[in-house]
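A.B. asks: 3D model of this:
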Amino acid sequence: MLEKVRQIGERAKQASLRLMAVATDKKNMFLHRLAEKIERDVQEIIKVNSIDLERARASGMSRALLDRLELNPKRIQDMATGLRQIAWLPDPVGEVVEGTRRPNGLLVTRVRVPLGVIAIIYEARPNVTIDSIGLGIKSGNVLILRGSSSTLNSNCFLVEEARAVLRECGLPEDAVQILDSGTHEEVQALLQLREFVDVVIPRGGEELIRAVVENARVPVIETGIGNCHVYVDAGADLTMAEKIVVNAKTQRPSVCNACETLLVHETIASQFLPQVGKALTEKGVEIRGCEKTRRFLPQALEATEDDWYREYLDLIIAVRVVRDVDEAIAHINKYGSRHSEAIVTEDYSVARKFLEGVDAAAVYVNASTRFTDGGEFGMGAEIGISTQKLHARGPMGLRELTTSKFVVYGSGQIRE
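C.D. replies: Alright, predicted model coming up:
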């Protein structure tokens with residue numbers, strides 16, 4: 001097993017040396033052709049995906065995880081559209097970040113370059129396979145992919161689609177490889193390949209991310225879980241607040257930017273909670289509330305301390321009544337995952353306090369947390385949502401998949 005993974009790493013490193021110098025128009029040609037291919041093969045993709053879905057249902061997979069696993073015509077079209085959007089974006093490779101002329105005449109510049117070989121370990125959501133390939137190739141990076149065993153057939157098929165197009169375009173097909181045994185041993189071997197892998201990006205639940213961070217010898221960029229909050233302030237437009245809360249929780253509950261906890265200012269709780277509670281219940285949402293919440297929402301279950309930490313990824317929401325924005329900020333900074341947080345208010349000073357006080361990758365005023373997404377932010381797609389503070393934070397698009405090197409131009413200077 002280790003030897004097989006090592007060979008994949010060696011091929012990836014060789015492909016990386018070729019891909020880093022490929023011109024933008026050739027990378028864009030690959031993206032457009034791959035988009036066309038998955039559009040042509042939509043029925044085949046759905047057929048292969050149905051095998052994964054059937055096995056997942058038989059194993060008792062939850063409704064939320066089945067939703068993450070499923071590919072349908074719209075999602076496949078969205079994948080193709082995402083590839084074209086990436087092609088239309090500026091290529092960050094070669095961009096001069098800054099330049100300085102030194103007193104001795106040296107021109108010192110800093111230029112964007114690919115990270116190199118990126119290993120991506122992710123759960124469910126086979127659309128991540130195509131997003132990763134699109135962003136990786138456009139930013140000059142080589143990919144080693146390892147999805148969950150529940151999506152193995154879908155992922156392998158999509159990778160073969162990409163490798164075929166790489167060959168057609170004269171690009172190294174080993175720029176995209178997948179670990180296909182579905183075993184934990186291959187993941188452990190991958191995490192030790194410091195000689196060949198430049199960075200590993202885990203994309204999934206808390207358990208997966210912790211396991212990667214604790215076991216990797218390769219540098220890790222964490223894409224954290226999404227325990228996201230919406231705080232409805234005393235100065236909120238309650239009609240707007242209801243729409244935002246319902247959207248953030250129910251539009252697609254199985255993703256990391258969905259709202260998991262609702263915080264409500266105590267002065268509007270008696271009016272707003274019955275209003276939003278009715279709307280959420282009609283959408284099939286289970287409510288777990290604090291003692292004050294349950295006074296106004298008798299149907300709510302009692303929230304435990306664990307609920308405030310939970311990323312449900314399902315039609316469940318925790319609700320807490322707070323004294324003011326300061327208590328809301330304190331709650332978020334204690335229990336949140338530093339992903340995406342929102343406040344609904346018409347009070348500018350309260351909004352500013354929330355924006356400055358909340359520690360998160362994305363903070364919203366009067367908008368749903370569901371917008372934390374590379375496509376929605378104009379990046380075409382994203383490799384994940386980084387909740388770290390080093391190198392990249394928030395949706396990781398093309399620029400976040402590059403590093404820099406110093407390029408220095410001289411005219412014979414020597415150091416005295």
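
A.B. asks: ok, and what's touching stretch 408-416?
C.D. replies: Identification of contacts with stretch 408-416 by CB atoms under 8 Å, 6 or more residues apart in numbering yields N104, G105, L106, L107, V108, T109. No exception for glycine: its C-beta is placed from N, CA and C like everyone else's.

A.B. asks: quick one: terminal-to-terminal distance for that stretch?
C.D. replies: Start to finish, the residues bounding stretch 408-416 are 18 Å apart (CA to CA, to the nearest Å).

A.B. asks: ditto for stretch 202-210
C.D. replies: Stretch 202-210: ends 9 Å apart by CA to CA.

A.B. asks: now which of the contacts of stretch 408-416 would you call buried?
C.D. replies: By neighbour count, with 16 or more other CB atoms under 10 Å, the contacts of stretch 408-416 hold T109 as buried.

A.B. asks: among the contacts of stretch 408-416, which ones are in strands?
C.D. replies: Secondary structure assignment (DSSP state E) places L107, V108, T109 from these within strands.

A.B. asks: now do the strands in the stretch 301-416 of the chain.
C.D. replies: 301-302, 316-322, 340-344, 362-365, 385-386, 394-395, 402-409 (DSSP state E, counting those that start in this stretch).

A.B. asks: buried residues, stretch 130-140. List them.
C.D. replies: For stretch 130-140, burial by neighbour count (16+ other CB under 10 Å) applies to I130, D131, S132, I133, G134, L135, G136, I137, K138, S139, G140.

A.B. asks: cool, and stretch 214-223?
C.D. replies: Buried-residue list, stretch 214-223, by 16+ other CB under 10 Å: A216, V218, V220, I221, E222, T223.

A.B. asks: assign R112 to helix, strand or coil.
C.D. replies: strand (DSSP: H, G, I helix; E, B strand; the rest coil).

A.B. asks: ok, it touching V93?
C.D. replies: Yes - in this structure, R112 is within contact of V93 by CB atoms under 8 Å, at 5.9 Å.

A.B. asks: between these two, what contacts are shared?
C.D. replies: Contact with both R112 and V93 is made by residues T402, according to CB under 8 Å, 6+ apart.

A.B. asks: who has more neighbours, these two?
C.D. replies: A count of neighbours by other CB atoms under 10 Å puts V93 above the other of R112 and V93, at 24 against 20.

A.B. asks: contacting residues around that one?
C.D. replies: Counting by CB under 8 Å, 6+ apart, V93 touches M20, T24, R112, V113, P114, S139, G140, T402.

A.B. asks: tell me which of those residues is nearest to M61?
C.D. replies: The closest of those to M61 turns out to be S139 (CB to CB; 32.9 Å).

A.B. asks: now do the closest one, the pLDDT please.
C.D. replies: Looking at S139, its pLDDT stands at 97.

A.B. asks: isn't it up against L401?
C.D. replies: Yes - with contacts counted by CB under 8 Å, S139 reaches L401, the gap being 4.1 Å.

A.B. asks: and E286, how close does it get to L152?
C.D. replies: 32 Å (CB to CB, to the nearest Å).

A.B. asks: quick one, which of the two is more surrounded?
C.D. replies: Each of E286 and L152 has its neighbours counted (other CB under 10 Å); L152 has more, 20 against 15.

A.B. asks: the more buried one is in what secondary structure piece?
C.D. replies: Element membership for L152, per DSSP states H and E: helix 152-168.

A.B. asks: other SSEs contacting that helix?
C.D. replies: Using 3 or more CB pairs under 8 Å, 6 or more residues apart in numbering; DSSP states H and E as the contact criterion, the elements in contact with helix 152-168 are helix 24-40, helix 42-58, helix 127-138, strand 176-178.

A.B. asks: tell me the most buried of these?
C.D. replies: The highest mean neighbour count among these, using mean count of other CB atoms under 10 Å, belongs to helix 127-138: a mean of 27.

A.B. asks: what angle do that helix and helix 42-58 make?
C.D. replies: 130 degrees (axes from the mean of the first three to the mean of the last three CA atoms, to 10 degrees).

A.B. asks: could you export helix 127-138 as PDB, keeping only the C-alpha atoms?
C.D. replies: Taking Å, rounded to 0.1, in the frame of the first residue of the first chain, the C-alpha atoms of helix 127-138 are listed here in PDB:
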ATOM      1  CA  ASN A 127     -18.900  17.900  -6.900                       C
ATOM      2  CA  VAL A 128     -15.800  18.800  -4.700                       C
ATOM      3  CA  THR A 129     -13.900  16.600  -7.100                       C
ATOM      4  CA  ILE A 130     -14.600  18.800 -10.100                       C
ATOM      5  CA  ASP A 131     -14.200  22.100  -8.100                       C
ATOM      6  CA  SER A 132     -10.800  20.900  -6.900                       C
ATOM      7  CA  ILE A 133      -9.600  19.900 -10.300                       C
ATOM      8  CA  GLY A 134     -10.700  23.200 -11.900                       C
ATOM      9  CA  LEU A 135      -9.100  25.400  -9.300                       C
ATOM     10  CA  GLY A 136      -6.000  23.200  -9.000                       C
ATOM     11  CA  ILE A 137      -5.200  23.100 -12.700                       C
ATOM     12  CA  LYS A 138      -5.900  26.800 -13.300                       C
END
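
A.B. asks: from the contact counts, what lies against that helix?
C.D. replies: So helix 127-138, by 3+ CB pairs under 8 Å, 6+ apart, packs with helix 24-40, helix 73-88, strand 117-122, strand 142-146, helix 152-168, strand 176-178.

A.B. asks: mind running it again at 7 Å?
C.D. replies: helix 24-40, helix 73-88, strand 117-122, strand 142-146, helix 152-168 (3 or more CB pairs under 7 Å, 6 or more residues apart in numbering; DSSP states H and E).

A.B. asks: still on that earlier bit, so which residues make contact with the helix holding L152?
C.D. replies: Contact with helix 152-168 is made by 30, 33-34, 37-38, 41, 45, 48-49, 51-52, 71, 126, 129-130, 133, 145, 147, 172-173, 175-176, 178, 180, 182, as judged by CB atoms under 7 Å, 6 or more residues apart in numbering.
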